[in-house]
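Enquirer: kindly generate the corresponding structure for this input.
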Amino acid sequence: MTNESRIARKRSFKAVLAIVIALAVIITVFTSTAFADNTARYTVTIVDSGEERAVTTTETEPIEILKSAGITVDSGDKLNLTEFVGGEGGKITISRKNTINVDYDDDIQTYSVYSTTVGDALDEIGAEIGKKDKINYSYDDSIKDGMVLQIKTAFTVSVKADGKKKKIALAEGTVKDALSMAGVKLGKHDYTEPSLNSELSAGTKIRVYRVTYKKDTKTVAVPFETKKENDKTLYKGTEKVAVEGVEGEKVITYNVRYVDGKEESRDKESSEITKQPVTKVVKVGTMKKAPGADATPNGVKSKNGYKLGQVISGRYTHYCACARCNGNGRGVTSSGRRISNGMQNPYYIACNWLPMGSVINVDGTNYTVVDRGGRGLSRRGRIDIFTPEGHSACYKLGTGYCTIKIVRLGW
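Expert: Take a look at the predicted model:
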């Protein structure tokens, strides 16, 4: 402390002496000393994080020059003095140390950089950014301490439309964005899978469906209604047609939807009856007759999509044991049960949609499924009732609609 005071006093003395000498020189040689003070001062350009400012100083040490300019340099900052000469001028460049966080597809890494712009900082840390990659700052944006750079790596998706397939690279976006990049426009009714607002990810496959609508008019039959009337002269379970039903006609206009040129659906827009149907009148026997098939429960509650107790609207026909009806003259059903004309009614039916051995109640009479038939019997509710009275009785009993209740499923 004592030494420093002495040094300070010596410096003060020297300074006073210098001033006295300077004043003497000024008095004697005014012209030559008029510019002496200007010669001691010089200009230095200071570049701080890319921003330039000029300062005039008499200092020769860079740190002192920066202090006189009110500029503070932290321990991690760097000074470039290659273009500076003390007492003469030049440039002092300050590279500030900044910490940045780089988020690579949700993987965050922290770096210390001296670059002043985002682009230079990415080069400094060796980050490779593809043309389709996305970054949340412009390359010309200034670096700020603690800033977060988010980099999303581009991925590839495919777009299939109009029989053509394109691959699109992008870092983020929706199906709508990918279609725009692919130059694909949607019509009023067109749609995509996934939907337009779905977010994309690597490998997403986008399919564009072209939708058009056309009108289609068809003339179809109008089913006649069947009216049933009780007849106490007929056995219970038997029916007799009193008035034959006649189908009517109607014109139906459909709005048909086509997807990529193929019909997908049709909606009925209008319907006009051009010919009225004739109601069929059926006499229904009420006389008591022999009981129907045995319906002993087997514990099965559902099978092949059908449930115990399920009620179904059906349509029936009749067949007998002749070769023409049964398909063979041996009188053997698909289940192995034998049938013959003239036998006591076993209450059998043929159908393809119920398990063999099932029992159904048809308008109050139980029947057992023991036989199969043609494709027509595969439709739900379609049954063929065995008639032991023979071929002529089949014609008399005819066809009709009925209500079916499942009493048992299978044997």
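
Enquirer: please enumerate residues in contact with stretch 203-219?
Expert: 155-162, 175, 178-179, 184, 186-187, 189-194, 198, 249-261, 266, 269, 274 (CB atoms under 8 Å, 6 or more residues apart in numbering). In short, each C-beta sits where N, CA and C put it, glycine included.

Enquirer: pull the helix or strand with minimum mean pLDDT from the chain.
Expert: Ranked by mean pLDDT, DSSP states H and E, the helix or strand of the chain with the weakest confidence is helix 2-28, at a mean of 33.

Enquirer: and Thr139, how many neighbours?
Expert: Slight slip there: residue 139 is Tyr, not Thr. By the measure other CB atoms under 10 Å, the count of residues near Tyr139 is 13.

Enquirer: actually Met181, sorry about that
Expert: Per other CB under 10 Å, the neighbour tally for Met181 reads 16.

Enquirer: repeat for Ala350
Expert: Counted with other CB under 10 Å, Ala350 comes out at 25.

Enquirer: next: Cys394.
Expert: Cys394 has 21 neighbours, counted by other CB under 10 Å.

Enquirer: tell me which helix or strand it sits in.
Expert: helix 391-397 (DSSP states H and E).

Enquirer: what is the mean pLDDT for that helix?
Expert: Across helix 391-397, pLDDT averages out at 94.

Enquirer: start the count at 38, not 1, going forward
Expert: Taking 38 as the first residue, the last one we looked at is helix 428-434.

Enquirer: ok, and what's touching the helix or strand following it?
Expert: Moving toward the C-terminus from helix 428-434, the next helix or strand (DSSP H and E) is strand 437-445. For strand 437-445, the surrounding residues in contact (CB under 8 Å, 6+ apart) are 263, 276, 317, 319, 332-335, 337, 343-353, 391, 394-400, 403, 418, 420.

Enquirer: ok, now with 6 Å
Expert: Applying CB atoms under 6 Å, 6 or more residues apart in numbering, the external contacts of strand 437-445 come out as 263, 332, 335, 343, 345, 347-349, 351-353, 395-400.

Enquirer: give me the buried subset of those residues.
Expert: Buried members of the contacts of strand 437-445, scored by 16 or more other CB atoms under 10 Å, are Thr263, Tyr343, Leu345, Ile349, Gly351, Tyr353, Ser395, Val396, Ile397, Asn398, Val399, Asp400.

Enquirer: dump the C-alpha coordinates for the helix holding Cys431 into PDB.
Expert: The C-alpha trace of helix 428-434 is given here as PDB (Å, rounded to 0.1, in the frame of the first residue of the first chain):
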ATOM      1  CA  HIS A 428     -97.000 -82.400 -54.300                       C
ATOM      2  CA  SER A 429    -100.500 -81.100 -55.000                       C
ATOM      3  CA  ALA A 430    -100.700 -80.000 -51.400                       C
ATOM      4  CA  CYS A 431     -97.600 -77.900 -51.800                       C
ATOM      5  CA  TYR A 432     -99.200 -76.000 -54.600                       C
ATOM      6  CA  LYS A 433    -102.400 -75.500 -52.500                       C
ATOM      7  CA  LEU A 434    -100.500 -74.200 -49.500                       C
END
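
Enquirer: sheet partners, orientation included, of the helix or strand where Gln146 lies?
Expert: Using DSSP H and E, Gln146 maps to strand 144-150. Strand pairing for strand 144-150, determined by DSSP bridges: strand 135-141 (antiparallel).

Enquirer: would you mark the buried spots in the strand it pairs with?
Expert: Quick answer for strand 135-141 (16+ other CB under 10 Å): Asn135, Ile137, Val139.

Enquirer: make CSV from these and add distance to Gly124 and pLDDT to it.
Expert: As requested, the buried residues of strand 135-141 are exported to CSV (distance: CB to CB, whole Å; pLDDT from 0 to 100):
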residue, distance to Gly124, pLDDT
Asn135, 32, 94
Ile137, 38, 95
Val139, 43, 95
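
Enquirer: turn those into a markdown table, columns for distance to Val257.
Expert: Shown next, in a markdown table, are the buried residues of strand 135-141 (distance: CB to CB, whole Å):
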| residue | distance to Val257 |
| --- | --- |
| Asn135 | 79 |
| Ile137 | 74 |
| Val139 | 70 |
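
Enquirer: shaky segments in this structure?
Expert: 38-76, 272, 324-328 (pLDDT under 70).

Enquirer: output the contacting helices and strands for the helix holding Cys431.
Expert: Using 3 or more CB pairs under 6 Å, 6 or more residues apart in numbering; DSSP states H and E as the contact test, no helix or strand touches helix 428-434.

Enquirer: now do 7 Å
Expert: The contact analysis (3 or more CB pairs under 7 Å, 6 or more residues apart in numbering; DSSP states H and E) places helix 428-434 against strand 348-356.
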